[in-house]
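J.: What follows is a predicted protein model with its sequence.
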Amino acid sequence: MTAFNPHGKSLNHGILSVLVQNRPGVLARVASLFARRGYNIFSLAVAPAEDESQSRITMVVDLESAPLDQMVKQLFKLVDVVKISELDPRRSIERELLLATVEADTDQRSEIVELVKIFEAKILAVGSDAVTMSLEGHPDKLDDFEELLDSYAIVELQRTGRVALPKLDRATRLRAANPNQKGQVS
Amino acid sequence: MSTTSTRMTGAQALIKALEMEQVDTIFGLPGGCILPAYDPLLESTIRHVLVRHEQGAGHMAEGYAHVTGRPGVAMVTSGPAATNLVTPLMDAYMDSIPMVGITGQVGTSAIGSDAFQECDTVGITRSCTKHNELVMTADDLPLAVRQAFHLATTGRPGPVLLDIPKDVLQNEMTWHWPTDDEVTDSLPGYRPTMKGHPLMIKEAARVILAAKRPVLYVGGGMLKARAAEILRELAELTGINVVTTLMARGVFPDDHDLCLGMPGMHGTIAATTAMQRADLLIALGARFDDRITGRLDGFAPEAKIIHVDIDPAEQGKVRRPDVSIVGDCRLVTEELVQAIRDLTASGVAQADIAEWKSRISGWQEIFPLTYDDAAPGAALKPQYCLEELRAASTDDTILVSGVGQHQMWASLHWKFNKPYSWVNSGGLGTMGFSIPAAIGAKAGRPDATVWAVDGDGCFQMTAQELVTATVERIPIKVALLNNSYLGMVRQWQEMFYDERYSEVYLSTDTPDYVKWAESMGCVGIRVESPEEVGPAIEKANSINDRSVVVEFRTDADEKVFPMVPAGVSNDEVLVHPSQEQYRAQLG
């Protein structure tokens, strides 16, 4: 799989929200289908859906590797796949969570706290020479935050991969009326 | 059904469920983990055919399914038996053959412990089955079996595998046979589209009537959909020529005026060239395989595409269709015929295709299938042997081929006039397919004469199943074209590797095929000269109480023509050398 460039916002990606039956091996089926057909996945988030017999897989896929249409059709051939929604990033609410531990001696700590305030992130733990923080938000915002953190020594960083849901109907209609209006980014 | 609950073991439930699915034959071989299932088989109405190798069981199930249209069933044990079943599963997946594989698995508590004969069967077969399932409790077995048969036979057919741990077979359960609703409710993600979109069908009818150079490009999906009759109606209604792919041979009669035979890498010149020059390809249950299209950017450059297929993922996978219709090929073709009739009745006239058809007949006349006769005393020509065999056979004879030159000669030189009279391994190209598949076909159609046509390379891969044929009294006939070589590889080395023959020579007389046949309980006949060919076939056809192997000693230099070399456009097809002078006529 191609590594996801966290700062490459222009990357040609698509978001699929895949409702699957919550059964053993279903993730392996999805993963081996993608591996076998040469489709790339940027990120993947899986958890039980509102109906606990089903899970929702949110996948960010690389549209350079194959047309979205073929990915959707091949995915839908999996018997355990119940429903697939293609989420247009402009018409979806996308969220992701980032955890990071950054080296910070007492001199640097205030700078980092400032950064955390600006991004509305949270300090989760403070040690004598390091800080652990979290940030929840739109993946683009996380990209920006991560880019700024880069100037400090990052000990460990973990992102969850994005989850997404379509915007409510009214918002969708508004967007359709004014395609130039920018998507809401918190 | 009784209202009181019936207790039984998982094994009894499995066999009962197979009976409920009207399975009459299982091809298999028992072993440790599947042992419990073999006990209730003793009381069952189901016939079990004991194979000599699990791969044979899988191919037999495929051959059975090919000719009967009912799912073939193969049952084997865990570990190596399951891995031996992988090739037939993949073969069935590539050729969309309905098949149910049942494998034993180590007990549930031992799974993941690297137990004796344990393997991750479900993991291994994930990408070579339409669906597979590890059944974890005995109570789940009847539903799992119903789901398996439902999935294997509906939509785009394919192989389904059930992996059943030993203790699941041994444990007691309460019998419950799920209703249709319970089956569909348990598969909320599986709803194959059967009926084509009416607007698209109307659009297709309009496009067909407007086309000046149309071709019906018919694939194996039409056989799966049992659409031979309605195909004939469509062709005769419109007068459009038909090409039948390797998987579709027989769905449209070769002796019909409109039939052009097989297109593609080794297709007839008329079929391949008609597709190249067409302004419309009506693809029915075909998937634009690379062996059909040749180099894709040079394939049928001026053709619009109507693509009818039950699998939505085939639409646009290789070539973007202009009219895309997802649905069952028979239902859609029926609607299409009706839509064309309606349009014609409303005054829309079909474009004149007479000039196009005369171009096609020109190609047929200038470039018929041909080969040079054998020089006196020289080895037999394989095409001659097949033509003689065809002349001595009826339209009902089932021909089952292996993979290689003999397969292409069989597809080209045999005249298939009836559907389900041709069985072969198309997509996967599995050498060794023909002997077990022929046995499966004969088990499914005991009334029919089944001829396997095989090469010496293929034959040596699975010939031991002739022991199965003898012991189980399933007599088949084998036309073994022995040219002592891996013939197709040899042809490529001759043509594209400067005649540098690398590892393709087998041997002319080792093994001794006559003795080998006899040792397996068959009659063995060796044929070396043209005058022996007819009498040997006559003798083989007169023996019906055991299998017969006729070994034809054929010419290793003989090549399959026409041929489109790999990686080039179909326009660059190599015709038989004697026809090279007419090449300009292909334009």
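T.: Great, that's in hand.

J.: Now tell me what touches stretch B:106-114 from outside.
T.: Outside stretch B:106-114, the residues within contact range by CB atoms under 8 Å, 6 or more residues apart in numbering or on different chains are B:33, B:78, B:105, B:115, B:116, B:117, B:118, B:136, B:165, B:166, B:167, B:168. Every residue, glycine included, has its C-beta placed from N, CA and C.

J.: Which among the residues you listed count as buried?
T.: B:33, B:78, B:105, B:115, B:117, B:118, B:136, B:165, B:166, B:167, B:168 (16 or more other CB atoms under 10 Å in any protein chain shown).

J.: coming back round to it: biggest separation within the contacts of stretch B:106-114, which pair?
T.: Taking CB to CB as the measure, the contacts of stretch B:106-114 reach their widest spread between B:116 and B:136, a distance of 20.2 Å.

J.: ok, back up a step: redo the contacts of stretch B:106-114 as CSV? Include distance to residue B:206, pLDDT and secondary structure.
T.: Formatted as CSV, the contacts of stretch B:106-114 follow (distance: CB to CB, whole Å; pLDDT from 0 to 100; DSSP: H, G, I helix; E, B strand; the rest coil):
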residue, distance to residue B:206, pLDDT, secondary structure
B:33, 58, 98, helix
B:78, 56, 98, coil
B:105, 54, 98, strand
B:115, 62, 97, coil
B:116, 64, 98, coil
B:117, 60, 98, coil
B:118, 59, 98, coil
B:136, 53, 98, coil
B:165, 56, 98, strand
B:166, 60, 98, helix
B:167, 61, 98, helix
B:168, 56, 98, helix
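
J.: can I get these in CSV with distance to chain A?
T.: Below are those laid out as CSV (distance: CB to the nearest CB, whole Å):
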residue, distance to chain A
B:33, 19
B:78, 17
B:105, 14
B:115, 19
B:116, 23
B:117, 21
B:118, 17
B:136, 8
B:165, 13
B:166, 19
B:167, 17
B:168, 14
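
J.: for chain A, which spans come out with low pLDDT?
T.: Judged by pLDDT under 70, chain A has its weakly predicted residues at A:1-11, A:170-186.

J.: 90 instead?
T.: For chain A, residues meeting the criterion pLDDT under 90 lie at A:1-13, A:24, A:50, A:52, A:65, A:88-92, A:105-108, A:166-186.

J.: Domain map for it?
T.: Domain ranges of chain A: A:13-87, A:93-164, per automatic domain parsing.

J.: For residue B:234, give me its contacts.
T.: B:216, B:240, B:333, B:336, B:337, B:340.

J.: hmm, try it at 6 Å
T.: Residues counted as contacts of residue B:234 (CB atoms under 6 Å, 6 or more residues apart in numbering or on different chains) are B:333, B:337.

J.: per-residue pLDDT, it?
T.: Per-residue confidence (pLDDT) for residue B:234: 98.

J.: Can you point out the buried residues in whichever helix or strand it is part of?
T.: Using DSSP states H and E, the element containing residue B:234 is helix B:228-238. Across helix B:228-238, burial judged by 16+ other CB under 10 Å covers B:228, B:230, B:231, B:232, B:233, B:234, B:235, B:238.

J.: and which of the residues you listed is nearest residue B:447?
T.: Using CB to CB, the buried residues of helix B:228-238 come closest to residue B:447 at residue B:228, 19.2 Å.

J.: Got phi/psi on the nearest residue to the closest one once chain neighbours are set aside?
T.: Nearest non-adjacent residue to residue B:228, counting by CB to CB, 6 or more residues apart in numbering or on different chains: residue B:419, 4.3 Å away. When read as degrees, to the nearest 10, the backbone of residue B:419 gives phi -70, psi 150.

J.: Contacts only, for the one residue sitting closest to the centre of chain A.
T.: What sits nearest the mean C-alpha location of chain A, by CA atoms, centre = their mean, is residue A:162, with 1.6 Å. Residues near residue A:162 by CB under 6 Å, 6+ apart: A:43, A:60, A:94, A:96, A:139.

J.: now, among the residues you listed, which is nearest to residue B:393?
T.: residue A:60 (58.3 Å).

J.: Show me what that closest one is bridged to.
T.: residue A:15, residue A:43 (DSSP bridges).

J.: Correct me if wrong: it contacts residue A:42.
T.: Yes - using CB atoms under 6 Å, residue A:60 makes contact with residue A:42 at a distance of 4.1 Å.

J.: residues shared between the contacts of the two?
T.: Listed as contacting both residue A:60 and residue A:42 by CB under 6 Å, 6+ apart are residue A:13.
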